[in-house]
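>>> Got a sequence here, can you model it:
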Amino acid sequence: MDLELARRRAIAGDPRLAHNSILHRQPVGTLDDHLVRGLRVESLRELVEPFSPRAQDDDAVLDAADLAFGPPLLRPSSVRDFYAFEGHVRTMWERRGGEIPETWYRLPVFYFSNVSEIRGLDDPVWCPAASSELDYELEVAALIDTPAVDLRSDRADDVIGGFTIFNDWSARDLQREETVVRLGPAKGKDFASSFGPYLVTPDELADARLANGFDLAMTARVNGAETSRGRWSEVQFSFGEMLARASADARLRPGDLIGSGTVGGGSLLEIRESTIGRYLEPGDEVVLAIERLGRLRNPIVARPV
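Have a look, this model is predicted:
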């Protein structure tokens with residue numbers, strides 16, 4: 001839907017909106033701009049819902065086939081990525097010859113990723129110059145759309161404006177060297193993060209809630225063949241618990257993105273021997289899908305010279 005056309009049409013029907021409604025006072029641009037104005041994602045319902053009954057016959061509703069989708073948020077203020085699926089964590093520790101620390105079961109932990117290398121649907125991704133082991137990671141991300149600090153875990157969901165698919169690309173050889181130093185991911189994660197294609201509001205998922213997540217399938221395909229499958233409901237920590245941890249003594253801001261961490265089996269590091277037998281190469285196509293959140297597709301290309 002063209003929300004700016006919907007806004008102008010609403011004002012034509014009731015000119016008072018241009019003065020009385022903060023949503024209608026300025027043109028609707030990007031979601032980034034919307035959040036900067038202090039508005040929540042939910043407020044857009046006022047523009048969307050009046051057109052739903054006659055959507056197919058309305059020129060404010062566009063054909064998706066005619067559109068190019070970027071990431072839902074162009075300039076996130078931060079990206080915190082958690083480590084919340086036990087299956088993935090166990091595999092990572094077993095490959096190092098260890099067991100999951102008891103602390104992991106008590107404390108949701110995260111690292112800060114890079115906000116300058118954000119990708120969307122169909123945007124190309126390439127392996128860093130110093131790497132030859134490019135991997136995908138199948139995750140879900142939550143968008144924060146209201147300021148918050150010191151949240152309680154049972155109320156933290158209140159600050160989530162929506163959910164989207166997150167591909168936390170990894171350079172495994174760089175990451176392997178860096179983890180020896182025991183100071184979180186750096187260049188192994190620094191080069192690309194893909195989000196999209198849609199931002200889905202929490203009310204659209206409410207009926208699927210199960211355990212600490214939602215009873216929704218998460219899958220990955222490489223060149224059309226399924227390589228990963230898991231469920232969001234397998235997550236150890238709810239987004240409420242993750243946000244309580246993230247907001248402890250720190251302010252969350254509208255535009256912050258919170259990643260769940262990789263679902264069990266959601267990376268080639270875990271399953272490449274039983275699937276494609278290698279890491280990603282130029283010419284590959286990776287498609288991550290989560291029920292109700294859509295399909296996030298990215299081609300792998302040679303690194304630009």
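
>>> use CA for all of it now, contacts and neighbours both
Noted.

>>> any idea how far the closest residue to residue 249 other than its chain neighbours lies from residue 258?
Nearest non-adjacent residue to residue 249, counting by C-alpha to C-alpha, 6 or more residues apart in numbering: residue 150, 5.9 Å away. Distance, residue 150 to residue 258, by C-alpha to C-alpha, to the nearest Å: 16 Å.

>>> Please identify which of these two sits among more neighbours.
Set residue 150 next to residue 258 and count neighbours by other C-alpha atoms under 10 Å: residue 258 wins out with 25 against 16.

>>> The more buried one should be in a strand, yeah?
Yes - checked against DSSP: H, G, I helix; E, B strand; the rest coil, residue 258 lies within a strand.

>>> What residues are bridge-paired with it?
residue 80, residue 142 (DSSP bridges).

>>> hang on, isn't it packed against residue 142?
Yes - the pair residue 258 and residue 142 passes the contact test of C-alpha atoms under 8 Å, sitting 5.1 Å apart.

>>> Spit out the residues that contact those two alike.
With C-alpha atoms under 8 Å, 6 or more residues apart in numbering applied, the contact sets of residue 258 and residue 142 do not overlap.

>>> show me what contacts residue 160?
142-146, 202.

>>> Would you mind giving the domain segments of the protein?
3-66, 78-299 (automatic domain parsing).

>>> which residue ranges form the strands in the stretch 151-300 of the chain?
Taking DSSP state E, counting those that start in this stretch to define them, one finds strands in the stretch 151-300 of the chain at 160-167, 170-171, 193-200, 209-210, 213-214, 217-222, 225-231, 251-252, 256-259, 285-290, 294-299.

>>> which regions of the stretch 1-150 of the chain sit below the pLDDT cut-off?
52-57 (pLDDT under 70).

>>> Helices of that one, residue ranges please.
3-13, 17-20, 22-25, 31-36, 45-48, 86-95 (DSSP state H, counting those that start in this stretch).

>>> can you put the ones you listed in CSV and add distance to residue 106 and mean neighbour count?
As requested, the helices of the stretch 1-150 of the chain are exported to CSV (distance: least, C-alpha to C-alpha, whole Å; neighbours: other C-alpha atoms under 10 Å):
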stretch, distance to residue 106, mean neighbour count
helix 3-13, 43, 16
helix 17-20, 48, 14
helix 22-25, 41, 17
helix 31-36, 33, 17
helix 45-48, 38, 15
helix 86-95, 12, 16
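
>>> What's the end-to-end length of stretch 178-195?
OK, stretch 178-195 end separation, C-alpha to C-alpha: 25 Å.

>>> again with stretch 253-266
Stretch 253-266: ends 29 Å apart by C-alpha to C-alpha.

>>> So for that stretch, mean pLDDT?
In this model, stretch 253-266 carries a mean pLDDT of 98.

>>> now the domains of the chain in JSON lines, with distance to residue 305?
As requested, these are exported to JSON lines (distance: least, C-alpha to C-alpha, whole Å):
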{"stretch": "domain 3-66", "distance to residue 305": "31"}
{"stretch": "domain 78-299", "distance to residue 305": "10"}
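
>>> List just the one of these that sits closest to residue 72.
domain 78-299 (5.9 Å; C-alpha to C-alpha).

>>> ok now the closest one, how far from the chain's centre?
From the chain centre to the centre of domain 78-299 is a distance of 7 Å (C-alpha atoms, centre = their mean, to the nearest Å).

>>> Endpoint to endpoint, that domain covers what distance?
25 Å.

>>> One more: stretch 267-280?
11 Å.

>>> for stretch 71-86, same thing?
Using C-alpha to C-alpha, the two ends of stretch 71-86 sit 28 Å apart.

>>> contacts for it?
By C-alpha under 8 Å, 6+ apart, stretch 71-86 touches 30-32, 89, 108-116, 118-121, 194-199, 234-237, 242, 253-264.

>>> re the thing from before, now render the helices of the stretch 1-150 of the chain as CSV, adding distance to residue 101.
Below are those laid out as CSV (distance: least, C-alpha to C-alpha, whole Å):
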stretch, distance to residue 101
helix 3-13, 48
helix 17-20, 55
helix 22-25, 48
helix 31-36, 38
helix 45-48, 44
helix 86-95, 9
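
>>> Among these, which comes closest to residue 174?
helix 86-95 (15.1 Å).

>>> tell me the angle that closest one makes with strand 225-231.
110 degrees (axes from the mean of the first three to the mean of the last three C-alpha atoms, to 10 degrees).
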